[in-house]
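Q: just a sequence and a predicted model for now, questions to come.
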Amino acid sequence: MKVVGLLIVLLFSTWANPDLSELRKNYPKASNSEAITNALQNELINVTKEDAKVLVAYKGAVSTLMAKYAKGIRNKKDFFKTGAELIEYAVEAEPENVEIRCIRLSVQENSPKVVNYKDDIPEDKQFLLNNYKSTSSKAVAAFIKNYVMESSLFDTSEKQLF
């Protein structure tokens, strides 16, 4: 009976959209945890470009993190390339979405120089500085603030704005 219950839960959990509050909570932890990265990857596996663009951005960001833990150069490259493409798609679809821009900034800040994915850092940083206070979601504001406080891209005076 327990097995049937577990199968039902798993079946319904794959149909449901991932919980944004859980993504916001776990995404920052994923860079230091292969287990969390894998769990997020599994949670986002069914997200497509037709879904909410913020979910597409998270899927892309998690894919870039999968590159960190992947075996072999080709797999690392494929994960990162796929992830970056999803992030860019989300930014292109919703360029004024501050959470998506924060996700891209976090990936670009932490991406290895060899992948050459850092071009939008100045633009996204300025976008966050200009638009942070206009976000109506307390959860999004908290996610961005937490990122900024940990980021080396922002100096002390900029961090005080958040």
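A: That came in fine, so what should we check first? Numbering: from 1, shown residues only.
Q: packing partners of the longest helix belonging to the chain?
A: The single longest helix within the chain, with elements called by DSSP state H, is helix 73-93. Packing partners of helix 73-93 (3 or more Cβ pairs under 8 Å, 6 or more residues apart in numbering; DSSP states H and E): helix 53-69, helix 98-110. All C-beta spots, glycine's among them, are computed from the backbone N, C-alpha and C.
Q: as CSV, these with mean neighbour count would be great.
A: Shown next, in CSV, are these (neighbours: other Cβ atoms under 10 Å):
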stretch, mean neighbour count
helix 53-69, 24
helix 98-110, 23
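Q: how about a markdown table for these, with mean pLDDT and distance to D119 added?
A: Listed next are those as a markdown table, based on pLDDT from 0 to 100; distance: least, Cβ to Cβ, whole Å:
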| stretch | mean pLDDT | distance to D119 |
| --- | --- | --- |
| helix 53-69 | 97 | 15 |
| helix 98-110 | 98 | 8 |
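Q: export those helices as JSON lines, with columns for distance to F154.
A: As requested, the helices and strands packed on helix 73-93 are exported to JSON lines (distance: least, Cβ to Cβ, whole Å):
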{"stretch": "helix 53-69", "distance to F154": "19"}
{"stretch": "helix 98-110", "distance to F154": "10"}
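Q: which among the ones you listed is found nearest to Y27?
A: Proximity to Y27, assessed across the helices and strands packed on helix 73-93 by Cβ to Cβ, is greatest for helix 53-69 (6.4 Å).
Q: tell me how far that closest one lies from the chain's centre.
A: Distance of helix 53-69 from its chain centroid, counting by Cα atoms, centre = their mean, to the nearest Å, is 5 Å.
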